[in-house]
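Enquirer: What shape does this take:
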Amino acid sequence: MIKNTQRAQHAPRTQRKHDAQRTVRKSLDSEPVLRFCPLGGFEEIGRNCVFFEYKNEIVIVDVGIQFPEEETPGIDYIIPNVSYLEPKKKNIKGIILTHGHYDHIHAIPYLIEKLGNPIIYTAALTKALVEKRMEEFPNLPKPRFQVVKHADEVTISENFKAKFFDIGHTIPDGVGFVMNTPAGKMTHFGDFRVERDAKGEPYNLEVYEALGKMDIHTAFIDSTNADVAGKSISEETVQKNLEDLFKQAEGRIIVATFASLLSRVVAIFNIAEKLGRKVALNGRSMKDNVQIAKNLGYIKAAKNLLITVEEIQKYKDDKVIILTTGGQGEPNAGLNKIAQGEHKNLRFKSTDTVIFSSSVVPGNERSVQMLQDNISRQVNEVFNSKLLDIHASGHSPKEDLALIMKLVKPRFIVPANAYYFKRKACAKIALSMGYSKDHAVLVDNGQICEITKDNFKPTSEKVPVNYVMVDGLGVGDVEEVVLRDRLMLSEEGMVVVIATIDRQTGKLIKNPDIISRGFIFLKENKTLLDDIRNKLKNVLIRIPFHQKPDPDYIKGLIRDQIGQLLWNKTKRRPMILPVLIEI
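Expert: You can find the predicted model right below:
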């Protein structure tokens, strides 16, 4: 017995090493592993949507849209791809909506059924905005809400518990949260900014100071302005500069801003009341959002301050402010309709002062510039935030992000809600503050990350995040091939080749018809037109019609041969649409 014990104590060193490794591996296997994945918002501005997953429980944060790009012609919105979550919808315990901007809430109607209609945790204003949007989808199930406010603690599931707190942004009722998970405490601010007074001093920092005492594992930080130097501009400064502009205006004042930028709307109401001007709202979303905010007490407009667009004619020009949507150059929004002369009640006057009191969403620069050019031809004064501080961004720039990192003191930082370039700028801020690269983690859309108590590790596992596009009533039915066709049509045009042939012999019964759209003007290119007809005749002559060839084969041959001819002649590749009429 003693000999056996001694033999065990003197076991080979290699065996003891393997035993120790097995013990460590067993310990790691039993360690809680939280999974995190962004489905959007980590490689673009918009489409914000992430989820946390632990065993059979999932919590989603935000379900927003992305506005269309030049590469997505004809598309209304781009929404998150939830094909990974849909089979697991029974596991989804809740959705947290951080605030009411479209890029965080607007995809709810399109995805709520696929996600199993879980409880939505959000503040009162965001709830009202979602409910208003859902009125346009009467056949969908009614969403279930639990309204939360500052300091509320909610048990979402067995393994997820959240404590909510107020954050500063450009819309009331923005909330962040700390979520207790088996791997540690995760905090997410949604979109946020550090609020500052007119002297530039920050305030309402108590929330972040409290987070700094909680041993935060990971902070997910809005990086939209991480590449912008300096600190936030105060709303007081914006309001003062707007008031100065309003005082200088001799005629009507037309202010373009986001319909959801309610803090700016309140400021404009206050200035209008002070200067004795009436305010007319232009744009359906502007009217809806103001009414919702009034119902909830966030906007308290003086009696008779608001008038309809139709009533503007009753007042002198120097007594009117028009608050409109369309500051991003959207073709169907209120401001663009006025500029194009398509508005039912409004036309620009040379004495108007037009103010763009919003930042340009990345990707919209060209459309905004074209709109401003158009308006500048019609009015004497156009102002934007590049000329004056007449817009305070809702996103913290470099100095403020550094301040928040210092106060919150998370062990890991994950830059979020922006393009890679901007998120990398946020990571550089963290590196400058002493974080290592392993603790300032850059994650891509669709990349599964594994979070343990002492680690945040992006893995090679990916979930689908390809675009799901909303086009009219269709959701997800516009695939990449359709977009390629639309882009080809917009860039190269198309040529329709119509051949009427004898069913038995395959001979042409009449001269082929050629139709060109967006490619060439046929009346000025008769030589090329003749070349196309001759090429088509040569192709048809070589086809053995007695063998009854497949019509699709014939069309493919025509498409290839005519396409090669046009490339040789013009170095362009229009879409070729062959039409065969057999008689």
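Enquirer: Quote the end-to-end distance of stretch 542-559.
Expert: 15 Å (CA to CA, to the nearest Å).
Enquirer: Give me the contact list for it.
Expert: V497, A499, Q504, T505, G506, L536, V539, L540, I576, P578, L580, E582 (CB atoms under 8 Å, 6 or more residues apart in numbering). Heads up, the C-betas are built off the backbone N, CA and C, glycines and all.
Enquirer: Report the buried residues of that stretch.
Expert: Across stretch 542-559, burial judged by 16 or more other CB atoms under 10 Å covers F545, I554, K555, L557, I558, R559.
Enquirer: repeat for stretch 52-66
Expert: For stretch 52-66, by 16+ other CB under 10 Å, it's 52-54, 57-66.
Enquirer: got the CA coordinates for it in PDB?
Expert: Provided in PDB are the C-alpha atoms of stretch 52-66 (Å, rounded to 0.1, in the frame of the first residue of the first chain):
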ATOM      1  CA  PHE A  52     -26.100  38.700 -26.300                       C
ATOM      2  CA  GLU A  53     -26.600  34.900 -26.000                       C
ATOM      3  CA  TYR A  54     -26.000  32.700 -23.000                       C
ATOM      4  CA  LYS A  55     -27.100  29.000 -23.300                       C
ATOM      5  CA  ASN A  56     -30.800  29.200 -24.300                       C
ATOM      6  CA  GLU A  57     -31.300  32.900 -23.600                       C
ATOM      7  CA  ILE A  58     -30.900  35.800 -26.000                       C
ATOM      8  CA  VAL A  59     -31.300  39.600 -25.500                       C
ATOM      9  CA  ILE A  60     -31.300  41.900 -28.400                       C
ATOM     10  CA  VAL A  61     -30.300  45.600 -28.300                       C
ATOM     11  CA  ASP A  62     -31.800  47.900 -30.900                       C
ATOM     12  CA  VAL A  63     -33.500  46.900 -34.200                       C
ATOM     13  CA  GLY A  64     -32.800  49.800 -36.600                       C
ATOM     14  CA  ILE A  65     -32.700  50.600 -40.300                       C
ATOM     15  CA  GLN A  66     -30.000  51.800 -42.600                       C
END
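Enquirer: How many neighbouring residues does F258 have?
Expert: By the criterion of other CB atoms under 10 Å, F258 has 25 neighbours.
Enquirer: pLDDT score for it?
Expert: At F258, the model reports a pLDDT of 86.
Enquirer: Relative to G283, how far out is it?
Expert: Counting by CB to CB, to the nearest Å, the gap between F258 and G283 amounts to 10 Å.
Enquirer: likewise E136?
Expert: From E136 over to G283 (counting by CB to CB), the distance is 16 Å.
Enquirer: What of S367?
Expert: 16 Å.
Enquirer: So for those two, which sits in the more crowded spot?
Expert: G283 (21 against 17).
Enquirer: So what's the residue count around the closest residue to G41 other than its chain neighbours?
Expert: In space, and not counting its chain neighbours, G41 is closest to N48: 3.6 Å by CB to CB, 6 or more residues apart in numbering. N48 has 30 neighbours, counted by other CB under 10 Å.
Enquirer: Repeat that for K428.
Expert: When neighbours are defined as other CB under 10 Å, K428 has 16 of them.
Enquirer: same deal with E250?
Expert: E250 has 12 neighbours, counted by other CB under 10 Å.
Enquirer: wait, what's in contact with it?
Expert: The contact partners of E250, taken as CB under 8 Å, 6+ apart, are D317, D318, T351, T353.
Enquirer: most neighbours, which of those?
Expert: Going by other CB under 10 Å, T353 tops these with 20 neighbours.
Enquirer: was I right about N364 contacting G326?
Expert: No: in this structure, N364 is not within contact of G326 by CB atoms under 8 Å, at 11.1 Å.
Enquirer: neighbour-wise, which of these two wins?
Expert: Neighbours were counted for N364 and for G326 using other CB under 10 Å; G326 has more, 25 against 18.
Enquirer: do you know how far that one is from S393?
Expert: As judged by CB to CB, G326 and S393 stand 19 Å apart.
Enquirer: what's the average pLDDT for the host helix or strand of A272?
Expert: Per DSSP states H and E, A272 falls inside helix 262-275. What helix 262-275 shows for mean pLDDT is 91.
Enquirer: Can you point out the buried residues in that helix?
Expert: Result for helix 262-275 [16+ other CB under 10 Å]: buried residues L262, S263, R264, V265, V266, A267, I268, F269, N270, I271, A272.
Enquirer: residue contacts, the second one?
Expert: S263 makes contacts with T170, I171, P172, E235, as judged by CB under 8 Å, 6+ apart.
Enquirer: if you go through the stretch 201-350 of the chain in chain order, where are the strands?
Expert: Along the stretch 201-350 of the chain, the stretches classed as strands by DSSP state E, counting those that start in this stretch are 216-222, 253-256, 278-282, 306-307, 320-324.
Enquirer: what's the angle from the helix holding A272 to strand 320-324?
Expert: Helix 262-275 runs at 170 degrees relative to strand 320-324, counting by axes from the mean of the first three to the mean of the last three CA atoms, to 10 degrees.
Enquirer: phi, psi of K149?
Expert: Here is the backbone geometry of K149 (degrees, to the nearest 10): phi -140, psi -180.
Enquirer: Oh, that last question was meant for P415, not what I typed.
Expert: Residue torsions, per degrees, to the nearest 10, at P415 are phi -60, psi 140.
Enquirer: show me where pLDDT drops low in the stretch 451-583 of the chain?
Expert: 472-490, 506, 545-547 (pLDDT under 70).
Enquirer: Which parts of it are helices?
Expert: 480-492, 526-541, 551-570 (DSSP state H, counting those that start in this stretch).
Enquirer: Now render those as JSON lines, adding distance to E195.
Expert: Formatted as JSON lines, the helices of the stretch 451-583 of the chain follow (distance: least, CB to CB, whole Å):
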{"stretch": "helix 480-492", "distance to E195": "41"}
{"stretch": "helix 526-541", "distance to E195": "64"}
{"stretch": "helix 551-570", "distance to E195": "59"}
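Enquirer: list the contacts for G46?
Expert: Applying CB under 8 Å, 6+ apart to G46 gives the contacts G40, G64, I65, Q66, F67, I78, Y102, D103, V361.
Enquirer: hang on, it is in a helix, isn't it?
Expert: No: per DSSP: H, G, I helix; E, B strand; the rest coil, G46 lies outside any helix segment and is coil.
Enquirer: Before we move on, what's the pLDDT of it?
Expert: G46 is given a pLDDT of 89.
Enquirer: now it: how far from Y467?
Expert: 12 Å.
Enquirer: now D560
Expert: Taking CB to CB, one finds D560 at 30 Å from Y467.
Enquirer: And the strands in the stretch 401-550 of the chain?
Expert: 412-416, 447-452, 455-462, 468-471, 474-475, 494-501, 513-517.
Enquirer: actually the stretch 51-200 of the chain, sorry about that
Expert: Under DSSP E, counting those that start in this stretch, the stretch 51-200 of the chain gives strands at 57-61, 77-79, 92-96, 119-122, 144-147, 153-155, 161-166, 175-181, 184-188.
Enquirer: Redo these as CSV? Include distance to P397 and mean pLDDT.
Expert: As requested, the strands of the stretch 51-200 of the chain are exported to CSV (distance: least, CB to CB, whole Å; pLDDT from 0 to 100):
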stretch, distance to P397, mean pLDDT
strand 57-61, 23, 98
strand 77-79, 27, 88
strand 92-96, 26, 98
strand 119-122, 27, 98
strand 144-147, 32, 97
strand 153-155, 32, 97
strand 161-166, 21, 97
strand 175-181, 18, 97
strand 184-188, 19, 97
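Enquirer: is it possible to export those to JSON lines including distance to R423?
Expert: Below are those laid out as JSON lines (distance: least, CB to CB, whole Å):
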{"stretch": "strand 57-61", "distance to R423": "17"}
{"stretch": "strand 77-79", "distance to R423": "19"}
{"stretch": "strand 92-96", "distance to R423": "21"}
{"stretch": "strand 119-122", "distance to R423": "25"}
{"stretch": "strand 144-147", "distance to R423": "31"}
{"stretch": "strand 153-155", "distance to R423": "29"}
{"stretch": "strand 161-166", "distance to R423": "23"}
{"stretch": "strand 175-181", "distance to R423": "18"}
{"stretch": "strand 184-188", "distance to R423": "15"}
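Enquirer: Before I go, just wanted to say thanks for your time.
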